[in-house]
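K.L.:
Quick one, fold the following:
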Amino acid sequence: MAFMCTDSGNLMAIAQQVIAQQQQQHQRQQQEQFHQIQSSTASASWPPPPDHQSAFASAFSDPFSFPPPQSFKLSDEFDSDEWMDSLIGSGDLSPLFADPPLSTDLDRIIMPRGDVLTIEPVPQPVKRDKEPEPEPEPDPDPEPNSKAAVSCSSSQSLPSSSSSHPVLKLLLDCAQLAGSNPDLAIKTLAQIRPLVSKLGDPIQRVGFYFTEALSVRLMSTASPPPPSSSSEEFTLCYKTLNDACPYSKFAHLTANQAILEATESATHIHIIDFGVMQGIQWAAFLQALATRPGGKPSRVRISGIPSPSLGSSPMRSLAATGNRLREFAELLELNFEFIPILTPVDQLTESDFRVDTDESVAVNFMLDLYHLLDDSMERVQYVLQVAKSLNPEVVTLGEYEANLNRVVFVNRFANALSYYCSVFESIEPAMARDSLERVEVERVLFGNRILRAVGLAEGIERTDRMEESREWMAQMEKSGFMSVQFSNYAISQAKVLLWNYDYSAKYSLVDSTPGFLSLAWDGKKLLTVSSWR
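P.N.:
Modelled structure (predicted):
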């Protein structure tokens, strides 16, 4: 890491320098505050006098407060126990994921006549150090033109280590039958059910959720019931996943570095954040700006467009996000402004953004544009044109690496099965099979997304659409953007992230032309970040 610390624009190096420089000052301040409190209590004055009350109010009254700068590290900003604990149980919890959960009984199959067939999941060993199970034997007489083979001809093949797994073959057969022979597909689901379990190995677990999604698609004629998971469940699952896996850390760290470099000498910076949530990723960015060698910028603005997950009334959540960022910026002595923008995304125009002529603009699309995907791509193009009209210095784009949008159901099912097989495998090294936390993470975060991708009716109900980076490249270039290569520091920083957190060696970075940086599991891309101008 020594060579990285020589670069003053590197986010990790800056955060570490801030910690070292401010630690001593922080200790002195704590000692002074302690003596003041001790003095006030010695005279039996409680509550403390007005001046002390204001100090206590600013420090402890808001459960959403960011940690003070001297204790804030970029490398673990996303799994800060203190920050996450402040969200849990509070009154302003917004889901940290794109879509709310769907309430379904994942342990039952509803048969056509209305009966319920309940099958106990197969008990699974929970030892982490057992020998790997032998590869199952292939079918003795495979059909050369089988439906499963047709399903696998999509743009994403199943992981090589599991492509012959009987559960995956049966699921692909069932998906093929869903349209042509639903009754036979239902019978096939009943055969699959004893082979899958949310307590099994990654293939059995992913098979469990795809079996449920297919059952909903085949049996349900109405929309699923309303969400049942609470905001606290979302937050707990988000924290658990981000402690275990590098998805969000990688995406935000890489995008922030690109924005920092693009605005290196700017005195007025304006970030347009599409899909803003609690804003935790911007705290490290503000800290980096506050310690620039060339001096702090004169003004920093963030315009936040709410994520669809904030529901129909996002103002309260946006106000809380703005307050947290404002208070953190005050600690850094930054001139900061947060501007909530409540205009629907597909109605935004250039005039909705208060952009001054002297501002350097950065537009951030972090796991947000895929919400606008449909067969026409018109909404995506509309928003990209709005972004271009702001004349940004840089546009950062982060998206899941899967083709689940404009493909027929059978191929979409195979693509989704391939993608989530890798996701579930990537969770395995960090979370034990008998972990209830892992079960909840997969149920709340991934089970419902699988349901939205392949279990709901075609049209507006199918909300979990994704596109691969090659399609995003086509859309960005169509809108007049050119790709920007990530700097060596940005790439090195992402590598250090994987090393520092001691993630599985199967995680890797894939740097591909033109300017895409992907987080991969066992060579399969899961999440891609790119930079544009």
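
K.L.:
so where is this protein shaky, pLDDT-wise?
P.N.:
In the predicted model of the chain, residues 1-164, 220-231, 309-313, 460-461 satisfy pLDDT under 70.

K.L.:
Strands along that one, start to end?
P.N.:
108-110, 116-118, 268-276, 299-306, 336-340, 360-366, 394-400, 507-512, 516-521, 524-532 (DSSP state E).

K.L.:
Just give the strands next to the fifth one in its sheet, each with its orientation.
P.N.:
This points to strand 336-340. With DSSP bridges as the test, strand 336-340 is paired with strand 299-306 (parallel).

K.L.:
mind checking the end-to-end distance for stretch 254-268?
P.N.:
When the termini of stretch 254-268 are compared using CA to CA, to the nearest Å, they are 22 Å apart.

K.L.:
Give the buried residues for it.
P.N.:
Going by neighbour count (16 or more other CB atoms under 10 Å), the buried part of stretch 254-268 is 254-263, 266, 268. All C-beta spots, glycine's among them, are computed from the backbone N, C-alpha and C.

K.L.:
Pick out the most distant pair among these.
P.N.:
Greatest spatial distance among these (CB to CB): Thr254 and His268, at 24.2 Å.

K.L.:
hang on, the earlier thing: need the strands of the chain in CSV (columns: distance to Gly207).
P.N.:
Shown next, in CSV, are the strands of the chain (distance: least, CB to CB, whole Å):
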stretch, distance to Gly207
strand 108-110, 13
strand 116-118, 17
strand 268-276, 31
strand 299-306, 35
strand 336-340, 42
strand 360-366, 31
strand 394-400, 21
strand 507-512, 23
strand 516-521, 18
strand 524-532, 18
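
K.L.:
Out of those strands, the one nearest Gly447 is which?
P.N.:
Gly447 lies closest to strand 108-110 among those, at 14.0 Å (CB to CB).

K.L.:
Break this structure into its domains for me.
P.N.:
What the record gives for the chain is the domain set 108-125+141-229+408-455, 246-396+470-481, from automatic domain parsing.

K.L.:
I'd like these as JSON lines, with distance to Ser508 appended.
P.N.:
Converted to JSON lines, these look like this (distance: least, CB to CB, whole Å):
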{"stretch": "domain 108-125+141-229+408-455", "distance to Ser508": "11"}
{"stretch": "domain 246-396+470-481", "distance to Ser508": "11"}
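
K.L.:
of all those, which lies closest to Gly523?
P.N.:
Per CB to CB, nearest to Gly523 of the domains of the chain: domain 108-125+141-229+408-455, 9.2 Å.

K.L.:
returning to that earlier point: for Val484, which of the strands of the chain is the nearest?
P.N.:
Among those, the nearest to Val484 by CB to CB is strand 524-532 (4.3 Å).

K.L.:
Please list the outside residues in contact with that closest one.
P.N.:
Contacts of strand 524-532 with the rest of the structure, by CB atoms under 8 Å, 6 or more residues apart in numbering, involve 159, 247, 250-251, 254-255, 258, 262, 394-401, 418-419, 422-423, 426, 469, 472-473, 476, 481-486, 510, 515-520.

K.L.:
now it against strand 507-512, angle please.
P.N.:
Angle, strand 524-532 to strand 507-512, by axes from the mean of the first three to the mean of the last three CA atoms, to 10 degrees: 50 degrees.

K.L.:
May I have the distance across stretch 472-483, first residue to last?
P.N.:
Separation of the first and last residues of stretch 472-483 by CA to CA is 11 Å.

K.L.:
Count the residues that sit near Glu359.
P.N.:
22 (other CB atoms under 10 Å).

K.L.:
Quick one: closest of the strands of the chain to Val380.
P.N.:
With distances scored as CB to CB, the stretch of those nearest to Val380 is strand 360-366 (9.9 Å).

K.L.:
Could you list every helix and strand in contact with that closest one?
P.N.:
Packed against strand 360-366 by the contact rule (3 or more CB pairs under 8 Å, 6 or more residues apart in numbering; DSSP states H and E) you find helix 247-262, strand 268-276, strand 394-400.

K.L.:
Just checking: what are the partner strands of it?
P.N.:
strand 268-276 (parallel), strand 394-400 (parallel).

K.L.:
I'd like to check the angle between that strand and helix 247-262, please.
P.N.:
Per the same axes, to 10 degrees, the angle that strand 360-366 makes with helix 247-262 is 170 degrees.

K.L.:
Give me the contact list for strand 360-366.
P.N.:
Applying CB under 8 Å, 6+ apart, the contact partners of strand 360-366 are 251-252, 255, 259, 262-263, 266, 268-275, 281, 355, 387, 390-398.

K.L.:
residue contacts, the closest residue to Pro429 other than its chain neighbours?
P.N.:
The shortest distance from Pro429 to any non-neighbouring residue, by CB to CB, 6 or more residues apart in numbering, is to Ser504 (4.3 Å). Counting by CB under 8 Å, 6+ apart, Ser504 touches 426, 429-430.

K.L.:
which of those residues count as buried?
P.N.:
Among the contacts of Ser504, the ones that count as buried by 16+ other CB under 10 Å are 426, 430.

K.L.:
hang on, isn't Val437 packed against Met431?
P.N.:
Rather than Val, residue 437 is Glu. Yes. Here Glu437 reaches Met431: they are 6.6 Å apart, a contact under CB atoms under 8 Å.

K.L.:
shared neighbours, those two?
P.N.:
Thr240.

K.L.:
Report the beta-bridge partner residues of Arg301.
P.N.:
Going by DSSP bridges, Arg301 forms beta bridges with His270, Glu337.

K.L.:
burial of it, as a residue count?
P.N.:
Residues near Arg301, counting by other CB under 10 Å, number 21.

K.L.:
Contacts only, for it.
P.N.:
Contacts of Arg301 (CB under 8 Å, 6+ apart): 269-271, 336-339, 354, 359.

K.L.:
Export these as CSV, with columns for distance to Asp183.
P.N.:
Output for these, formatted as CSV (distance: CB to CB, whole Å):
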residue, distance to Asp183
Ile269, 60
His270, 58
Ile271, 54
Phe336, 61
Glu337, 61
Phe338, 56
Ile339, 56
Arg354, 59
Glu359, 62
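
K.L.:
quick check, nearest of these to Ala453?
P.N.:
Ile271 (30.5 Å).

K.L.:
returning to what we had before: possible to save the strands paired with strand 360-366 as CSV with distance to Asp375?
P.N.:
Output for the strands paired with strand 360-366, formatted as CSV (distance: least, CB to CB, whole Å):
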stretch, distance to Asp375
strand 268-276, 21
strand 394-400, 18
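
K.L.:
Relative to Tyr209, which of those is closest?
P.N.:
Comparing these under CB to CB, the one sitting nearest is strand 394-400, at 16.4 Å.

K.L.:
Give me the residues contacting that closest one.
P.N.:
With CB under 8 Å, 6+ apart as the criterion, strand 394-400 contacts 251, 254-255, 258-259, 262-263, 362-367, 369-370, 387, 419, 466-467, 469, 472, 476, 481, 484, 526-533.

K.L.:
sorry, back to before: can I get the buried part of the contacts of strand 524-532 as one ChimeraX selection?
P.N.:
Selection of buried members from these for ChimeraX, criterion 16+ other CB under 10 Å:
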select :159,247,250,251,254,255,258,262,394,395,396,397,398,399,400,401,418,419,422,423,426,469,472,473,476,481,483,484,485,486,515,516,517,518,519,520
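
K.L.:
which stretch among the domains of the chain comes nearest Val496?
P.N.:
Across these, closest to Val496 is domain 246-396+470-481 (CB to CB), at 9.6 Å.

K.L.:
Quick one: end-to-end distance for that closest one.
P.N.:
Across domain 246-396+470-481, first to last residue, CA to CA, it's 28 Å.
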